[in-house]
Every structure is written in structure tokens, then in C-alpha cells.
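>>> please work out how this folds:
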Amino acid sequence: MPSRIAVLAIDAVEPAVVADFWCRVLDWGIVEESAEGITIGPSSGAWPQVDVFPVPEHKAGKNRLHLDLRADGVSTADELERLVGLGARRVDVGQASDVTWVVLADPEGNEFCLLSRSVQDLEKSETSPS
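Numbers count the residues shown, from 1 in each chain. Take a look at the predicted model:
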């Protein structure tokens, strides 16, 4: 059997702030919390989960790995507004001006993207006749 992604790890100076942000973004909860870090995940216990680990240094440079999100049940514009309201901010990582996604950063500067097509847009295109 091939490997599965079980956990994604995020380093943070303030793990509680970053974990809270991602819990609100993904509608997840805290699965486990200890001095080593905070694990968040879906209430169903499904994978993947996200570990937020404390580190002493602030983020430096562009992420080498990031999450891509899709709006689910709302328009992409509404989801962008919600994410910014939760504390995300738009960032420029050198993306072209005509890209179809929006690059954002969490409260500690970890980049992620909001893709232009929602989950429902994708489902419609997959079920429509060619």
C-alpha cells in the first residue's frame, strides 16, 4: 500500500495563535496539546492532521511547502473575505499578476493559497457532459 499523509507540521513562535487560526479556517478542533506542540484535526478523527510545534525563531523566506485551499459551500470571494477576517493577509511571493489564485499568509507569515474554483465549481465541471 502506498504512503498516506498523516500529519502536516507547522513551526510557530506562538503555536496557540497559529493553531487557533487554522482551527477556525478549517473548522477543526484541538486533538492534543502538550509542551511539545498542538495537534489539530477534523472532529471525525480523519487524516491528515496538523501539528503546530514551538520554535524560537520567526519565519524567514518563502515556504518550500504550502497548503492550497478551495472554498466549500460559499463563493471564493466570500471565502477570501472570511479568511482575511480571521487574520490572513495577502502576500506577494513573486506570483504573476494574472494568476487565478490568491496567496495569503497566516498570522506568523506561513503562505497558503486560495484557489479560484470552489469545491462546487469542480463538482459541476466533473458532472457536466463534454
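
>>> which parts of this protein are helices?
Remark: helices assigned in the chain by DSSP state H are 15-26, 76-85, 119-127.

>>> tell me the gap between the helix-or-strand element of the chain with minimal mean pLDDT and the middle of its chain.
Least confident helix or strand of the chain, by mean pLDDT, DSSP states H and E, is helix 119-127 with a mean of 84. On the basis of Cα atoms, centre = their mean, to the nearest Å, helix 119-127 sits 21 Å off its chain's mean C-alpha point.

>>> need the winner for burial among the helices of the chain.
The highest average neighbour count among the helices of the chain, using mean count of other Cβ atoms under 10 Å, belongs to helix 15-26 at a mean of 18. In short, each C-beta sits where N, CA and C put it, glycine included.

>>> next, the buried residues of stretch 65-76.
67, 69-71, 76 (16 or more other Cβ atoms under 10 Å).

>>> so how far is that stretch from its chain's centroid?
8 Å.

>>> using CSV, write down the CA coordinates of it.
Output in CSV follows, covering the C-alpha atoms of stretch 65-76 (Å, rounded to 0.1, in the frame of the first residue of the first chain):
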residue,chain,number,x,y,z
LEU,A,65,5.7,23.7,1.1
HIS,A,66,2.2,25.3,1.5
LEU,A,67,-1.4,24.4,1.6
ASP,A,68,-3.9,25.2,-1.2
LEU,A,69,-7.5,25.7,-0.1
ARG,A,70,-10.8,25.7,-2.0
ALA,A,71,-13.9,27.5,-0.9
ASP,A,72,-16.6,24.9,0.1
GLY,A,73,-20.2,26.0,0.2
VAL,A,74,-19.5,29.7,-0.4
SER,A,75,-18.1,31.7,-3.3
THR,A,76,-14.3,32.1,-3.5
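
>>> show me where this structure dips below the pLDDT cut-off.
Within the chain, the ranges that satisfy pLDDT under 70 run 1, 128-130.

>>> break it down into its domains, please.
1-57, 59-130 (automatic domain parsing).
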